[in-house]
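Engineer: This is a predicted model, with the sequence first.
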Amino acid sequence: MLIFFLVLCGYIFFAIFMVGRTSDMRYFYWDVAVILMFIVPMMTMRLFAEERRLGTLELLLTSPVSDWQAVLGKFMGSFIVLCITLSLTLYVPLIVKRIANPDLGPYWSAYIGLLLYGAVMLSIGTFWSATTDNQIIAAVATFGTLLMLYIISWPAEGLSGWSEFFQRISLYHRYKDFAEGLVDTKHIVFYITFTFLALYFTVRTVESRLWR
């Protein structure tokens with residue numbers, strides 16, 4: 001997964017910076033967000049699905065931890081992997097700074113946005129993994145949800161009455177502001193709230209075993 005991610009990011013960086021001769025990395029970070037849409041389902045598909053398939057979920061949930069702790073533990077484990085994955089692209093601002101000496105503010109805001117955007121995607125993947133014992137179904141459902149939340153703002157321009165609504169619920173549309181150097185507290189609150197709600201529904205899904 002990391003090799004796939006780094007190869008794609010390296011190629012995009014080379015195409016934009018070396019071939020395009022520009023220090024404007026907005027398009028690079030926009031593309032990184034799209035690549036994560038393919039990476040995250042692979043990161044989360046086994047979190048709970050594999051536990052269900054192997055029959056070890058009950059062992060996990062009967063250990064001296066609460067359902068919230070179990071879900072947060074799974075989520076934080078994947079979030080740490082995401083942080084490591086993104087840290088491997090820090091060569092981008094370092095190289096650009098050394099050669100072109102641009103303002104690095106938009107670069108750091110882009111990473112803040114990627115972490116928040118990635119947290120939402122991971123929470124969605126955690127939820128779908130908790131609903132099934134098939135990791136392939138979990139991955140497809142996660143990717144389908146992320147894709148829908150990515151393209152949902154596309155028809156906004158043609159729907160004047162719904163334009164703002166679709167843009168507000170689009171994860172990717174909000175992230176683009178971070179890539180342009182704008183750290184808006186409204187976007188931060190939205191991402192954190194979305195992450196919490198997805199994890200809340202994950203806990204409710206895990207707890208549903210008590211009803212069976």
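Structural biologist: Looks like it arrived, so ask away.

Engineer: which residue packs closest to S153, ignoring adjacent ones?
Structural biologist: S170 (3.7 Å; CB to CB, 6 or more residues apart in numbering). Where C-beta positions appear, they are placed from N, C-alpha and C, glycine not excepted.

Engineer: What's the mean pLDDT across stretch 191-209?
Structural biologist: The predicted model assigns stretch 191-209 a mean pLDDT of 91.

Engineer: Please point out which parts of that stretch sit buried.
Structural biologist: Neighbour counts over stretch 191-209 (16 or more other CB atoms under 10 Å) mark Y191, F194, T195, A198, L199, F201, T202, V203, T205, V206 as buried.

Engineer: and if you look at stretch 61-68?
Structural biologist: Those would be L61, D67, for stretch 61-68 by 16+ other CB under 10 Å.

Engineer: Endpoint to endpoint, that stretch covers what distance?
Structural biologist: For stretch 61-68, the first-to-last residue distance is 10 Å (CA to CA, to the nearest Å).

Engineer: For it, give the mean pLDDT please.
Structural biologist: Here stretch 61-68 scores 80 as its mean pLDDT.

Engineer: Same check on stretch 121-133?
Structural biologist: The model assigns stretch 121-133 a mean pLDDT of 93.

Engineer: Show me what that stretch is in contact with.
Structural biologist: 36-37, 40-41, 43-49, 52-53, 71, 74-75, 78-79, 82, 135, 137-138, 141-142, 145-146, 171, 194-196, 198-199, 201-202, 205-206 (CB atoms under 8 Å, 6 or more residues apart in numbering).

Engineer: quick one: T62 from T56, how far?
Structural biologist: 11 Å (CB to CB, to the nearest Å).
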